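Q: Requesting a structural model of the entry that follows:
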Amino acid sequence: MASWYPTPFNSTHGIFIRNHAKALSQYCNVVVIYVTTSDETSEIVLEHTQTENLNEYILVFPKSKLSFIRSFIHFIKYCYYYFKLSLLVKKHFNKIEFAQINVVYPVSLFFPIVKYILSIKNYTVFEQWTGYLKEDNLYKGLLRKWTTQRVIANARKIWCLCEYQKHSMVNHHHLYGNYDLLGNVVNTEIFVPIKKKDIKKKKRFLHVSTLDNRQKNITGILNVFKEIENEGYDFELIIIGGKDDYLKNAIHTAQTIGLKNVVFKGTVPQEELPHYYQSANALVMFSNYETFCVVIYEALSCGTYVITTNVADLDKIITEKFGTIVSIGNEKQLKTAILKVLNNPIADHQEEAHQLIVQHFSEKQIGKKLFDYYYTLITTSI
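A: Model prediction:
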């Protein structure tokens, strides 16, 4: 079960959760149940797809036009559709050993329905949300807190993406439980290095994100590159991602400060991303907070140098061979790191960086870690 998951109307929403399901399905049968609402459809859309051991039941229903009671109507519909999907899954599979809840809220509101129908006795949690971090500070509301406390307290295990996220949940919000760390999946089959001799002489920098300025500090990146541009340096800045207002605001900021050497690509299909990493001299991230930041790991898997802030345990992965870590919000340090790439050749540690990601974050490794834990639950209950 997941609070975020890709749908026909949003193919990248929660894609990292799908990647976990796909990784686990290499070792056992995995069933995904996901219900959501969208204003991009006027009818109920139900998709059941099977890819080897992975079965996905995705249901999207149209948003209610009655805004004053929309939340109530949606809640009833969520309950009903999770009930119907659970019956469908039971018909197809009969017995489900365990449940994994990906991002506690709001999907946990409907977990009791699924748990009862499928006779699920044990469940785990994989929490991806940044809202527990003090920098994001979105863990609010009585219903969210009450639900989260109950779900965390009764979970067999809670996986987090980094120590800081775990610390925030346990020490700041008193969400006690059996915690462990596990990263997101990187497709190391497509994110691979190429020989950098194929790269243009003009240095190319890349940024990939949602372009949410509050989290990603897009303004800081653009300001620094404008300073460097004013000093006469020639470069290319490629910015990928962003949707609706996030993208419009980023473009507006670049135009306002007069930054010329920047190209906004918008959303790019996953299969096209490797080319951008491979053709860049460096990936530039300047986030104020993160729980993982998968694009950094994708870049490393391509052997691309990374400039980033010290968030989400990245100092445990990125050494001087693979990149530069700067302080959060420190534009002077960011400028120095970018100038280092502009003025100096980057030593070739591509294959070493790629192998590091393969060993710790490949689909095979992440799937095996998840399966090994579930297998211990089976053997201890026999």
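
Q: how about the strands of this protein, start to end?
A: Ranges of strands in the chain, per DSSP state E, are 30-38, 45-51, 54-62, 98-102, 122-126, 158-160, 179-181, 204-208, 236-240, 262-266, 282-284, 305-309, 323-326.

Q: How about the contacts made by V306?
A: A282, L283, M285, I296, A299, L300, I318, F322, G323, T324 (Cβ atoms under 8 Å, 6 or more residues apart in numbering). From N, CA and C alone the C-beta is placed, and that goes for glycine too.

Q: closest to L88 among the residues you listed?
A: I296 (38.5 Å; Cβ to Cβ).

Q: neighbours of the closest one, just the number please.
A: Other residues near I296 come to 27 when the count uses other Cβ atoms under 10 Å.

Q: which residue sits farthest out from the middle of this protein?
A: Distance from the C-alpha centroid of the chain, by Cα atoms, centre = their mean, peaks at G232 (36.3 Å).

Q: Could you list the buried residues of stretch 355-372?
A: Neighbour counts over stretch 355-372 (16 or more other Cβ atoms under 10 Å) mark 356-358, 361-363, 365-371 as buried.

Q: Now render those residues as a markdown table, adding pLDDT and distance to V311.
A: Formatted as a markdown table, those follow (pLDDT from 0 to 100; distance: Cβ to Cβ, whole Å):
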| residue | pLDDT | distance to V311 |
| --- | --- | --- |
| L356 | 95 | 19 |
| I357 | 96 | 18 |
| V358 | 96 | 23 |
| F361 | 96 | 17 |
| S362 | 96 | 22 |
| E363 | 96 | 24 |
| Q365 | 96 | 23 |
| I366 | 97 | 20 |
| G367 | 97 | 26 |
| K368 | 96 | 27 |
| K369 | 96 | 23 |
| L370 | 96 | 24 |
| F371 | 96 | 29 |
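
Q: So I328 is in contact with A312, correct?
A: No. Contact criterion Cβ atoms under 8 Å: I328 and A312 do not qualify, at 11.4 Å.

Q: out of those two, which sits in the more crowded spot?
A: Between I328 and A312, counted using other Cβ under 10 Å, the more crowded position is A312 (24 against 15).

Q: wait, doesn't that one sit right on N288?
A: No. Contact criterion Cβ under 8 Å: A312 and N288 do not qualify, at 11.4 Å.

Q: Could I get the pLDDT score of V125?
A: Looking at V125, its pLDDT is 97.

Q: quick one, what contacts it?
A: Q100, I101, N102, V104, V151, I152, A155, K157, I158, W159, G177 are the contacts of V125 under Cβ under 8 Å, 6+ apart.

Q: Determine which two of the residues you listed are furthest apart.
A: Farthest pair in the contacts of V125, by Cβ to Cβ: N102 and G177, 15.7 Å.

Q: Compare the two (neighbour count), which wins?
A: Set N102 next to G177 and count neighbours by other Cβ under 10 Å: N102 wins out with 25 against 17.

Q: Any idea how many residues pack against the closest residue to that one other than its chain neighbours?
A: Counting by Cβ to Cβ, 6 or more residues apart in numbering, N102 lies nearest to A2, which is 4.1 Å off, once chain neighbours are set aside. By other Cβ under 10 Å, the residues close to A2 number 23.

Q: Same question for the one 5 residues further on.
A: When counting by other Cβ under 10 Å, one arrives at 19 neighbours for T7.

Q: My read is that it contacts L59, right?
A: No. Here T7 lies out of contact with L59, judged by Cβ under 8 Å, at a distance of 9.1 Å.

Q: Pull up the overlap in contacts between these two.
A: Listed contacts common to T7 and L59 are Y34, T36, V45; contacts here mean Cβ under 8 Å, 6+ apart.

Q: Which member of those residues is positioned nearest F83?
A: Lowest distance from F83 to the shared contacts of T7 and L59 (Cβ to Cβ) belongs to Y34, with 14.2 Å.

Q: gap between H349 and F235?
A: Using Cβ to Cβ, to the nearest Å, H349 is found at 22 Å from F235.

Q: ok, now V358?
A: Per Cβ to Cβ, V358 is found 30 Å from F235.

Q: Next, check the buried residues of stretch 355-372 against the helices and list the overlap.
A: In this view, those that belong to helices under DSSP state H are L356, I357, V358, F361, E363, Q365, I366, G367, K368, K369, L370, F371.
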